[in-house]
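Enquirer: sequence-free structure coming up:
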């Protein structure tokens, strides 16, 4: 049974770690262990066993590693997804990471794989992440489950290397793999792909499906001049499940970018509204709580006081990157203004 626990409802636990006390902050994607004094692991710390967690509508497996080189401090690596979304790899660090960073993953010192991480919203945190793909990452995920040691090498201005034990990784990653699918290869007809998937989900519930006209939106979402397509699964109804693709965080939306005669899925996420302003960015309104928790952490607002949470995103090079997050009463007004633009 899923055990969704808000981080504010969970009990902070402190324990001794190499002689220094640390606390466990169970926000999604991190489970970051921070020393209460230096925000870094002691030199004699050991890489941690992997853990499987759920937080609200997200499932993930995570572990924190030992620094082999560099001075960036603690680094945690997470594999997970939001409900209805694709699997992502993400990084949490005690120090700030660049918006874009190349990360090389090596399991048991064999066949290193480099992936481009870009800052995006992952479970309410603005962190570097990579969307795992079916064509490239099946073997890598299998290696993470069966290997002994993972080494992450961060390039660019960071130049750091961290070692992670893969102890417990299979037990932690198995339930994630059950609910978090890998992004598929580009397709020629995304509308048919989405309808077949939706019809199958409804048929599993012994229902019949109908589709509203607003199901598909064809526009240029990344400013390259090509006509892309977005699907609002809230326009799909199932006779036996009224909210099959919707929940408190809105309805699942999917964006495909046109590329060389095919369509590449780049975003699958629950949201309340999607707006495509004429500036090569998109704006999505998500559950207000996503902003409220972050604002409360920063001392800017209390949880529950926000009326809206809006994220500005770019889809550069087929990857989702977070530009900014807006909250409060002005956020929804801003979305209204965007929607009114020609």
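Expert: Nice, thanks for sending it over. Because the structure is predicted, anything quoted here is derived from the model rather than measured.

Enquirer: please enumerate the strands of the stretch 101-250 of the chain.
Expert: 110-122, 125-131, 149-154, 160-165, 209-211, 216-219, 228-232, 236-238, 246-247, 250-259 (DSSP state E, counting those that start in this stretch).

Enquirer: distance from the chain centre to the fourth one, please.
Expert: Think strand 160-165. Centroid separation for strand 160-165 versus its chain: 21 Å, with CA atoms, centre = their mean, to the nearest Å.

Enquirer: same question, the first one
Expert: On the basis of CA atoms, centre = their mean, strand 110-122 is displaced by 12 Å from the centre of the chain it belongs to.

Enquirer: any idea how far the spatially most central residue of the chain is from residue 255?
Expert: Residue closest to the average C-alpha location in the chain (CA atoms, centre = their mean): residue 122, at 3.6 Å. As judged by CB to CB, to the nearest Å, residue 122 and residue 255 stand 17 Å apart. Where C-beta positions appear, they are placed from N, C-alpha and C, glycine not excepted.

Enquirer: follow-up on the earlier one: quick one: the strands of the stretch 101-250 of the chain as TSV, columns for distance to residue 308 and mean pLDDT too.
Expert: Output for the strands of the stretch 101-250 of the chain, formatted as TSV (distance: least, CB to CB, whole Å; pLDDT from 0 to 100):
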stretch	distance to residue 308	mean pLDDT
strand 110-122	15	88
strand 125-131	18	87
strand 149-154	35	95
strand 160-165	37	94
strand 209-211	28	95
strand 216-219	21	95
strand 228-232	18	96
strand 236-238	25	94
strand 246-247	17	88
strand 250-259	12	92
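
Enquirer: count of neighbours near the spatially closest residue to residue 154 that is not a sequence neighbour?
Expert: Take residue 154 and drop its neighbours on the chain: the residue closest to it by CB to CB, 6 or more residues apart in numbering is residue 160, 4.7 Å away. Residue 160 is flanked by 19 other residues according to other CB atoms under 10 Å.

Enquirer: wait, what's in contact with residue 160?
Expert: 67, 69-72, 75, 153-154 (CB atoms under 8 Å, 6 or more residues apart in numbering).

Enquirer: any quick PyMOL command for the buried ones out of those?
Expert: Buried residues among these (16 or more other CB atoms under 10 Å), as a PyMOL selection:
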select buried, resi 67+72+75+153+154
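
Enquirer: widest-spaced pair of the contacts of residue 160?
Expert: Distance extremes for the contacts of residue 160: the farthest pair is 71 and 153 at 14.9 Å, using CB to CB.

Enquirer: what bits of the protein have low per-residue confidence?
Expert: 1-47, 84, 290, 292-307, 317-318, 342 (pLDDT under 70).

Enquirer: show me where it has its helices.
Expert: Listed in chain order, the helices of the chain (DSSP state H) span 134-146, 169-179, 190-203, 288-297, 329-340.

Enquirer: list the buried residues in the third one.
Expert: If I follow you right, that is helix 190-203. By 16+ other CB under 10 Å, the buried positions in helix 190-203 come out as 190-191, 193-195, 198-199, 201-202.

Enquirer: quick one: residues in contact with that helix.
Expert: By CB under 8 Å, 6+ apart, the residues outside helix 190-203 that reach it are 187, 208-209, 211, 216, 229, 231, 233, 236, 238-241, 244-245, 254, 256, 263, 265.

Enquirer: go again with 6 Å.
Expert: Contact with helix 190-203 is made by 187, 209, 216, 229, 231, 236, 238, 256, 263, as judged by CB atoms under 6 Å, 6 or more residues apart in numbering.

Enquirer: how far off centre is that helix?
Expert: Counting by CA atoms, centre = their mean, helix 190-203 comes out at 23 Å from the chain centroid.

Enquirer: next, the angle strand 228-232 makes with it.
Expert: Angle, helix 190-203 to strand 228-232, by axes from the mean of the first three to the mean of the last three CA atoms, to 10 degrees: 20 degrees.

Enquirer: compute the inter-axis angle for helix 190-203 and strand 250-259.
Expert: Using the same axes, to 10 degrees: helix 190-203 against strand 250-259 is 150 degrees.

Enquirer: let's have the helices of the chain in a markdown table, adding distance to residue 308.
Expert: Compiled in a markdown table, the helices of the chain are given as follows (distance: least, CB to CB, whole Å):
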| stretch | distance to residue 308 |
| --- | --- |
| helix 134-146 | 34 |
| helix 169-179 | 28 |
| helix 190-203 | 27 |
| helix 288-297 | 6 |
| helix 329-340 | 4 |
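
Enquirer: all good on my end, thank you.
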